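1. Here's my sequence, what's the structure:
(one chain, ligands or ions: 1)
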Amino acid sequence: MSTRTLGLIGSGAGGVEKIRPSLIEPAIRRGWQVAVTLTPTAGTWMEANGEIERIQEVTGRPCRVAPRLPSEPSPHPPIDCYLVCPASSNTVAKLALGLADNQALTTVCEAIGGQVVPVVVFPRINAAHARQPAWNSHIEALRSVGVHLLMGDEYWPLHEPRSAPGKDLPWEKILDVVDTVVS
Ligand SMILES: Cc1cc2nc3c(=O)[nH]c(=O)nc-3n(C[C@H](O)[C@H](O)[C@H](O)COP(=O)(O)O)c2cc1C
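-> Just a heads-up that it's a prediction; the model follows:
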């Protein structure tokens, strides 16, 4: 039985609706256990399309959106690697600033500061997000503390807003990086 656990964080960006068949099930086939946490936006989308229930069936553990009560134990086991995918521009900015105002950000902000568990981030953004004046400093801040950022034409060529190329995320390449980072 697999002993390594991937903490998958999904945010409100294109592709999140596909994480079960495209990331979670392939990761399980690669020998990972997967513990999923969604931002509130992604949680709303995935509740509406029925994916939260399916993710829980496939992973065998709760798909987290809300924080636990102080009296409750954490529903997820210790994590060996965090993968934030897809990461919205909003979630990337908040991670860079240490803003932890939802459960997904809370766990990843702690991992970034903890410097023990590797963090891989796939920003699923467009060209306008990248031209936002604070974007480059957010990326530099995250890189400076060792966050693995999967960016550039090799991963996700930037397109202008509302001109989405209908391109799928490079799911297998993303999982290859996760496997490399952990081994
Ligand atoms: C249908 C739809 C698709 C979106 N896709 C993206 C996207 O691909 N990338 C992105 O950065 N924001 C996208 N957004 C905007 C984010 O969902 C929005 O900024 C939200 O506040 C992100 O919240 P979160 O980071 O907490 O999940 C999209 C919004 C909608 C309604």
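2. only C-alpha atoms for contact and neighbour calcs from this point on.
-> OK.
3. Show me the beta-bridge partners of the residue nearest in space to the middle of the chain.
-> For the chain, the residue whose C-alpha lies nearest the mean C-alpha position (C-alpha atoms, centre = their mean) is V84; its distance is 1.7 Å. As for beta bridges, V84 partners with I9, V121 under DSSP bridges.
4. Tell me the residues of the chain that contact the ligand?
-> Proximity of the chain to the ligand is assessed by C-alpha under 6 Å from any ligand atom, with 11-14, 39-42, 88-91, 124-125 identified as the residues in range.
5. In those, find the pair that's most separated.
-> Using C-alpha to C-alpha, those reach their maximum pairwise distance at P40 and I125, which is 18.3 Å.
6. And the two? Which one has more around it.
-> Between P40 and I125, counted using other C-alpha atoms under 10 Å, the more crowded position is I125 (23 against 18).
7. got the contact list for the more buried one?
-> Contacts here follow C-alpha atoms under 8 Å, 6 or more residues apart in numbering; on that basis I125 touches 13, 87-89, 158.
8. for the chain, which spans come out with low pLDDT?
-> By pLDDT under 70, the weakly predicted segments of the chain are 1-2, 164-165.
9. hmm, what's the outermost residue in it?
-> For the chain, the largest distance from the centre (C-alpha atoms, centre = their mean) belongs to S71, which lies 26.7 Å off.
10. what secondary structure does it sit in?
-> coil (DSSP: H, G, I helix; E, B strand; the rest coil).
11. Quick check: it vs Q103, distance?
-> Taken as C-alpha to C-alpha, to the nearest Å, the spacing of S71 relative to Q103 amounts to 16 Å.
12. returning to that earlier point: of the contacts of I125, which belong to strands?
-> With strands defined by DSSP state E, the entries of these inside them are A87.
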